[in-house]
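Enquirer: mind looking at a prediction? Sequence and model below.
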Amino acid sequence: MAVPVSAKAEHRVTRELIAAGADGPMTAQPLDGLSFARGRALHRLVRAGVVREAQGGRYWLDGAAYERWRAARVQRVMWVLVMMGVLFVVLIVLRMMGR
């Protein structure tokens, strides 16, 4: 399954902060030279409260907010898959009824 560019960019931003150990204001790291997609991903993550901005343009990952955000994303994906499955079954039943 193809992963949207935005999801990949969000993943890369969060992984970079995790790898840098940026888990609080004292360990916040700068995220310089981000691509357009990663810059937008950072903005979305900050707006969602997953990434926090410290002084001097440095960022850190809020672990609890990140886990809630990931769980909500997984739940949304699961609902989409369930709905696709239901649609698939309905289409099969309709096709069988048409014969």
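Expert: Arrived safely.

Enquirer: check the offset of stretch 63-71 from the chain's centre.
Expert: Relative to its chain's centre, stretch 63-71 lies at 10 Å (Cα atoms, centre = their mean, to the nearest Å).

Enquirer: can you name the next helix or strand after the helix or strand that contains residue 7?
Expert: Taking DSSP states H and E as the criterion, the element that holds residue 7 is helix 5-19. Downstream of helix 5-19, the next assigned helix or strand under DSSP H and E is strand 29-30.

Enquirer: what lines up beside that next one in the sheet?
Expert: Strand 29-30 pairs in its sheet with strand 58-61 (antiparallel), by DSSP bridges.

Enquirer: give me the buried positions along the strand it pairs with.
Expert: Going by neighbour count (16 or more other Cβ atoms under 10 Å), the buried part of strand 58-61 is 59-61. (Each C-beta comes from the backbone N, C-alpha and C, glycine too.)

Enquirer: do I have it right that residue 12 meets residue 40?
Expert: No. In this structure, residue 12 is not within contact of residue 40 by Cβ atoms under 8 Å, at 12.0 Å.

Enquirer: ok now stretch 42-58, how far from the chain's centre?
Expert: 14 Å.

Enquirer: poorly predicted segments of the protein, please.
Expert: Within the chain, the segments meeting pLDDT under 70 span 1-3, 99.

Enquirer: tell me where the longest helix sits in it.
Expert: Determined from DSSP state H, the single longest helix within the chain is helix 63-97.

Enquirer: who are the packing partners of that one?
Expert: The contact analysis (3 or more Cβ pairs under 8 Å, 6 or more residues apart in numbering; DSSP states H and E) places helix 63-97 against no helix or strand.
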